[in-house]
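> Provided below are the primary sequence and the corresponding predicted coordinates.
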Amino acid sequence: MRLVRIMEKHGMPLVLLLVGIALGIFLAGHWVPSVSAVSRQDYESLETFTNILSIVKKNYVEEVDTKNLVTGAINGMLTGLDPHSAYLTPDLYKELQMDTQGRFGGLGIEITVKGGILTVVSPIEDTPAAKAGIKPGDQIFKIEQEFTKDMTLVDAVKKMRGPKGTKITISIKREGVPELMDFTMVRDTIRVQAVRSRTLEEGYGYVRLAQFQERSDRDVQRALEKMAAEKNGIKGLVLDLRNNPGGLLTQAVRVSDLFLDSGLIVYTEGRIESQKQKYSAQKEGSWMDFPIVVLVNGGSASASEIVAGALQDHKRAVVLGTKTFGKGSVQTILPLDDNSALRLTTARYFTPKGRSIQAMGIVPDIIVEPPTTPPAEGKAEEKKRLGLREENLPGHLPNPQQAPSQPQDQGEKDKEKLVPRSAPTGDETIDNDAQLKRALDLLKSWDVFKQLVQKKAA
């Protein structure tokens, strides 16, 4: 089996993770077939385009550069396909290649475009954005005094990236705050620690996977080996994928393979044969001697959903939390001769049992909502905010397994999109993290029942 190098982040709305932004996508080493002859209808459309290009160059109020016009046309063409296809300039393509190594330059924000407005999905842990107090759901109205209305994600990346040590000011509109909030931050080199681990209680381990980078499987393996060497080894494990926007598909496969000894992990289906891939688990090196609870939420996307779906389908783990983001499409990176590239949606991926996650997400085995009232705030109830999921993004790919829904009034649609505030990501004490506490209780209960069964058998 040939493993292709695929990556996706926030694996979510096209989430650009800024270290600006970590580019939310699948990286794949696929090549498109050679271009076939242009049909007469296509030729006429191209002729219309060249005529418009000539008219604009000749008559526009100011002189315009042909390259800029063509780049704008390419961006418009790809944006019209779906939220995740895009044109990557040479600079953006170079930065994307660096992103998979977990090292970026910028602020550390995951963003998407919602209703034409740049919206924060989540700040990356321990980055300038997180330290400044940027929150999920914040709307970025201005970047350095320039309004962001209808600004593309690519343009936002350009403006928010920059050399380490330079300052940038962004203006935020936050729900419940009438005035714009200005945040001045100093750009930094962001080194994302993708894997964190600790012991919750003796014998019960915790692994937090923030995103899928080049060495994530090895980092998870080392964390497991360290916990296995402790007293009583590993009796149960919590794998935390909450707010994990995705990353390398090959890493999602390898992380899944750590906990499976056989069977299909994920498969992809596209229009051409090279986009039809299957990834299976191998017995060697598998950790099969303990139960697992996988934590997910609306911020768990793409590669995270692959892992959760595979372990759920194989009944290797209990998935706990809230419904995931629902990004089940594959974006292939197609390099061009001028060192730029296309990020093009080329396939959908499916869980081992054939479920398409696109615009639906993974539904947990056990639904546990996070507290609506953070303990530190002491409010009686925090107002729910609209959640960002793939199904809410304009132009998203439909799910081939989902029947078209009946039209609903806007009020009903808004009710469906209401979700609680972002869940904790495992760094809080367990008493402040209801989902993590429930996961630990489940693992301990499983161990108790196992001992009872063993006693009865004896």
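Thanks, I have the structure now.
> show me which residues of the biggest helix by length in the chain are buried.
Counting by DSSP state H, the longest helix found in the chain is helix 434-457. Using 16 or more other C-beta atoms under 10 Å as the burial criterion, the residues of helix 434-457 that qualify are 435-436, 439-440, 442-444, 446-447. Quick note: C-beta positions are derived from backbone N, CA and C, even for glycine.
> next, count neighbours for residue 336.
Per other C-beta atoms under 10 Å, the neighbour tally for residue 336 reads 12.
> what's the closest non-adjacent residue to it?
Using C-beta to C-beta, 6 or more residues apart in numbering and skipping the chain neighbours, the partner closest in space to residue 336 is residue 342 (6.9 Å).
> dump the particular helix or strand that has residue 184 in it to PDB, restricted to CA.
Residue 184 belongs to strand 181-186 when assigned by DSSP states H and E. What follows is strand 181-186, C-alpha atoms only, in PDB (Å, rounded to 0.1, in the frame of the first residue of the first chain):
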ATOM      1  CA  MET A 181     -11.700  45.500  21.100                       C
ATOM      2  CA  ASP A 182      -8.100  46.200  20.000                       C
ATOM      3  CA  PHE A 183      -5.400  43.600  20.600                       C
ATOM      4  CA  THR A 184      -1.800  44.500  19.900                       C
ATOM      5  CA  MET A 185       0.400  41.500  19.800                       C
ATOM      6  CA  VAL A 186       4.100  40.700  19.000                       C
END
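> listing partners with orientation, what would you give for the next helix or strand after it?
As assigned by DSSP H and E, the chain's next helix or strand after strand 181-186 is strand 188-191. According to DSSP bridges, strand 188-191 forms sheet pairs with strand 103-106 (antiparallel).
> ok, then the element right after the strand it pairs with?
strand 109-114.
> so which elements touch the helix or strand hosting the residue nearest to residue 336?
Assigned by DSSP H and E, residue 342 belongs to strand 341-350. Strand 341-350 sits against helix 66-79, strand 86-88, strand 264-270, strand 329-335, with contacts defined as 3 or more C-beta pairs under 8 Å, 6 or more residues apart in numbering; DSSP states H and E.
> tell me the secondary structure for residue 208?
When classified by DSSP: H, G, I helix; E, B strand; the rest coil, residue 208 comes out as strand.
> what does the strand holding residue 342 rub up against?
Contacts of strand 341-350 from elsewhere in the structure, counted by C-beta atoms under 8 Å, 6 or more residues apart in numbering, are 23, 25, 28, 30, 78, 81-82, 84-88, 93, 96, 249, 266-272, 275-277, 306, 328-336, 356-358, 397, 400.
> would you map the helices across the stretch 251-400 of the chain?
Counting by DSSP state H, counting those that start in this stretch, the stretch 251-400 of the chain has helices at residues 303-313.
> that older thread, turn the helices and strands packed on strand 341-350 into a markdown table, including mean neighbour count, mean pLDDT and distance to residue 177.
Output for the helices and strands packed on strand 341-350, formatted as a markdown table (neighbours: other C-beta atoms under 10 Å; pLDDT from 0 to 100; distance: least, C-beta to C-beta, whole Å):
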| stretch | mean neighbour count | mean pLDDT | distance to residue 177 |
| --- | --- | --- | --- |
| helix 66-79 | 13 | 92 | 30 |
| strand 86-88 | 24 | 91 | 31 |
| strand 264-270 | 20 | 96 | 42 |
| strand 329-335 | 23 | 90 | 35 |
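> distance of the residue nearest to residue 336 relative to residue 89?
Computed as C-beta to C-beta, to the nearest Å, the residue 342 to residue 89 distance reads 11 Å.
> likewise residue 262?
From residue 262 over to residue 89 the distance is 44 Å, taken as C-beta to C-beta.
> the more surrounded of those two?
Using other C-beta under 10 Å, the more surrounded residue of residue 262 and residue 89 is residue 89, with 17 against 11.
> for that one, give me its contacts.
Residue 89 sits next to 71, 154, 340 when contact means C-beta under 8 Å, 6+ apart.
> so who does the last one touch?
By that I understand residue 340. With C-beta under 8 Å, 6+ apart, residue 340 has these contacts: 87-90, 93.
> could you identify the most distant pair in those residues?
87 and 90 (10.9 Å; C-beta to C-beta).
> buried residues in stretch 350-367, which are they?
350-352, 355-362, 364.
> and residue 124, how far from residue 349?
In this view, residue 124 and residue 349 are 24 Å apart by C-beta to C-beta.
> for the host helix or strand of residue 56, name the packing helices and strands.
If you go by DSSP H and E, residue 56 is part of helix 40-59. Secondary-structure packing of helix 40-59 (3+ C-beta pairs under 8 Å, 6+ apart): helix 66-79.
> going along the chain, name the strands of the stretch 201-350 of the chain.
204-209, 236-240, 247-248, 264-270, 277-280, 292-296, 317-321, 329-335, 341-350 (DSSP state E, counting those that start in this stretch).
> let's have those in JSON lines, adding distance to residue 185.
Shown next, in JSON lines, are the strands of the stretch 201-350 of the chain (distance: least, C-beta to C-beta, whole Å):
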{"stretch": "strand 204-209", "distance to residue 185": "25"}
{"stretch": "strand 236-240", "distance to residue 185": "27"}
{"stretch": "strand 247-248", "distance to residue 185": "24"}
{"stretch": "strand 264-270", "distance to residue 185": "37"}
{"stretch": "strand 277-280", "distance to residue 185": "39"}
{"stretch": "strand 292-296", "distance to residue 185": "29"}
{"stretch": "strand 317-321", "distance to residue 185": "30"}
{"stretch": "strand 329-335", "distance to residue 185": "29"}
{"stretch": "strand 341-350", "distance to residue 185": "27"}
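> and of those strands, who's closest to residue 133?
strand 204-209 (21.7 Å).
> which residues touch the closest one?
194-200, 216, 220, 223-224, 227, 234-241, 244, 255, 304, 425-427, 436, 440, 443-444.
> parallel or antiparallel, which strands does that strand pair with?
For strand 204-209, pairing defined by DSSP bridges yields strand 195-201 (antiparallel), strand 236-240 (parallel).
> most tightly packed of these?
strand 236-240 (a mean of 25; mean count of other C-beta atoms under 10 Å).
> list the contacts for residue 256?
Residues counted as contacts of residue 256 (C-beta under 8 Å, 6+ apart) are 265-266, 281, 306-307, 310-311.
> separate out the buried members of those.
Buried, going by 16+ other C-beta under 10 Å: 265-266, 281, 306-307, 310-311, out of those.
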